[in-house]
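>>> Next comes the sequence, and after it the predicted model I'd like to discuss.
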Amino acid sequence: MNREFIEALDQLEKEKNISKEVILEAIEAALISGYKRNFHSAQNVRVDLNRETGEVKVFARKNVVEDVVDPRFEISIDSAREINPNYQIDDIVEIEVTPKDFGRIAAQTAKQVVTQRIREAERGIIYETFIDKEEDIVTGIVQRQDSRYIYIDLGKIEALLPLNEQMPTERFKQGDRVKVYITKVEKTTKGPVIFVSRTHPGLLKRLFELEVPEIYEGVVEIKSIAREAGYRSKIAVYSHNEDVDPVGACVGPKGARVQTIVNELKGEKIDIVKWSKDIEVFISNALSPSKVVSVDINEETKIATVIVPDYQLSLAIGKEGQNARLAAKLTGWKIDIKSESQFEKE
């Protein structure tokens, strides 16, 4: 190693923000192992890598004793004082033992350490970039699929989309561009692992934030979301400004805003309802598009009995109970739906 190597580390520190001193210390530690391995030495050694010239020297470290028991680790007081008359018992004497061809081993070791540190630093940068994007949307390109995951290229790293986080109504092919929601970023010994989802309610929330400026600006607030990915979702919204209609803002001119989201979610139906602190009104709104005659709530059991017109019963319940199920998720109440005629009979 030489001065050019030290200069290269200076450049690396500037470009990659990898500490030069940390790399040099790691090289010295690796050279100690390399020396012991290549020269079959069990003695205690120190490697010195000159910070200016790049020159590498190996020193055997020996304890000064009266009588030498193990010459690999000890040196007699008489021999020590031949080197320097000031040595005392229990001092440490360093004797240079640099092998002739150690420069070749040092160069190989340094290359391996630098490469490893660059890789670790790049992994660290990627982790820091994506940990800040947890619970956010990113756009990627579908690469391939196996029995567990769809692999999505996010630029510097591939994200993992578990098959159970894929919407049942969609199929991807290689090269498809897709928006995904980052659910988790894990730091592992092999680098960061990023898990993404297409079914998470957070995806719907972020899509609305992207499409509806009033939500992004905080004028309109998303209070709750209930989602059966790929089929139907309900979203409850509230306006902090009386002059802004929260439902209208989300729907957009001629339905343009919500349609963009529906297209991204491959035709998933989205009901946008007005949130209310009056739970009876909120439950009534949540059962949209069905009309509601009355809502009777039981605070203790958190059960709401909802009466709807006879001709609206099937609409209120929905296909396979979907509308009622989503309304219950959205409001956090168990909902018992009855038609007017059923209620009268009781």
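Looks like it came in fine.

>>> helices or strands next to the longest strand along the chain in the packing?
The longest strand of the chain (DSSP state E) is strand 177-188. For strand 177-188, the packing partners by 3 or more CB pairs under 8 Å, 6 or more residues apart in numbering; DSSP states H and E come out as helix 102-131, strand 137-145, strand 158-162, strand 191-197, helix 201-211. In this view, the C-beta of every residue, glycine as well, is placed from N, C-alpha and C.

>>> how close does the residue nearest to Ile150 when sequence neighbours are not counted sit to Glu170?
Once flanking residues are discounted, Ile150 sits nearest to Leu161: 4.2 Å by CB to CB, 6 or more residues apart in numbering. For Leu161, the distance to Glu170 equals 11 Å [CB to CB, to the nearest Å].

>>> out of the two, which sits in the busier spot?
More crowded of Leu161 and Glu170, by other CB atoms under 10 Å: Leu161, with 27 against 15.

>>> coming back round to it: need the helices and strands packed on strand 177-188 in a markdown table (columns: distance to Gln88 and mean pLDDT).
Converted to a markdown table, the helices and strands packed on strand 177-188 look like this (distance: least, CB to CB, whole Å; pLDDT from 0 to 100):
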| stretch | distance to Gln88 | mean pLDDT |
| --- | --- | --- |
| helix 102-131 | 31 | 84 |
| strand 137-145 | 65 | 95 |
| strand 158-162 | 61 | 96 |
| strand 191-197 | 51 | 94 |
| helix 201-211 | 69 | 96 |
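
>>> Stretch 125-141 spans what distance, first to last residue?
21 Å (CA to CA, to the nearest Å).

>>> relative to helix 102-131, how tilted is the helix or strand hosting Glu7?
Element membership for Glu7 (DSSP states H and E) is helix 3-16. On the basis of axes from the mean of the first three to the mean of the last three CA atoms, to 10 degrees, helix 3-16 is oriented at 0 degrees to helix 102-131.

>>> Name the residues of helix 3-16 that are buried.
Phe5, Ile6, Ala8, Leu9, Leu12 (16 or more other CB atoms under 10 Å).

>>> and which of those residues is nearest Arg144?
Leu12 (33.6 Å; CB to CB).

>>> quick one, what contacts the residue lying closest to that closest one once chain neighbours are set aside?
Of all residues not flanking Leu12 in the chain, Ile18 sits nearest, at 5.7 Å (CB to CB, 6+ apart). Ile18 makes contact with Leu12, Arg117, Ile118, Ala121 under the criterion CB atoms under 8 Å, 6 or more residues apart in numbering.

>>> can you tell me how far Ile18 sits from Ile126?
14 Å.

>>> same deal with Val45?
For Val45 relative to Ile126 (CB to CB), the value is 37 Å.

>>> so what are the domain limits for the chain?
3-124, 138-197, 200-275, 289-346 (automatic domain parsing).

>>> Check those for me and report the most buried one.
Highest mean neighbour count of the domains of the chain: domain 200-275, a mean of 18 (counted as mean count of other CB atoms under 10 Å).

>>> gap between that one and the chain center?
How far domain 200-275 lies from its chain's middle: 25 Å, per CA atoms, centre = their mean, to the nearest Å.

>>> could you dump the buried residues of helix 3-16 to TSV with distance to Val247 and pLDDT?
Output for the buried residues of helix 3-16, formatted as TSV (distance: CB to CB, whole Å; pLDDT from 0 to 100):
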residue	distance to Val247	pLDDT
Phe5	66	83
Ile6	66	83
Ala8	61	85
Leu9	60	85
Leu12	56	82
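
>>> quick check, nearest of those residues to Lys100?
Phe5 (19.6 Å).

>>> any idea how far the nearest residue to that closest one once chain neighbours are set aside lies from Arg148?
Of all residues not flanking Phe5 in the chain, Gly54 sits nearest, at 4.7 Å (CB to CB, 6+ apart). Going from Gly54 to Arg148 by CB to CB gives 48 Å.

>>> residue closest to the middle of the chain?
Val185 (2.0 Å; CA atoms, centre = their mean).

>>> what's the neighbour count on Ile283?
23.

>>> Which secondary structure state does it sit in?
Put simply, Ile283 is helix when judged by DSSP: H, G, I helix; E, B strand; the rest coil.

>>> distance of it from Ala324?
11 Å.

>>> can you list the helices and strands packed on strand 177-188 in CSV and add distance to Glu264?
Below are the helices and strands packed on strand 177-188 laid out as CSV (distance: least, CB to CB, whole Å):
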stretch, distance to Glu264
helix 102-131, 21
strand 137-145, 10
strand 158-162, 15
strand 191-197, 14
helix 201-211, 6
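
>>> Good, wrapping up.
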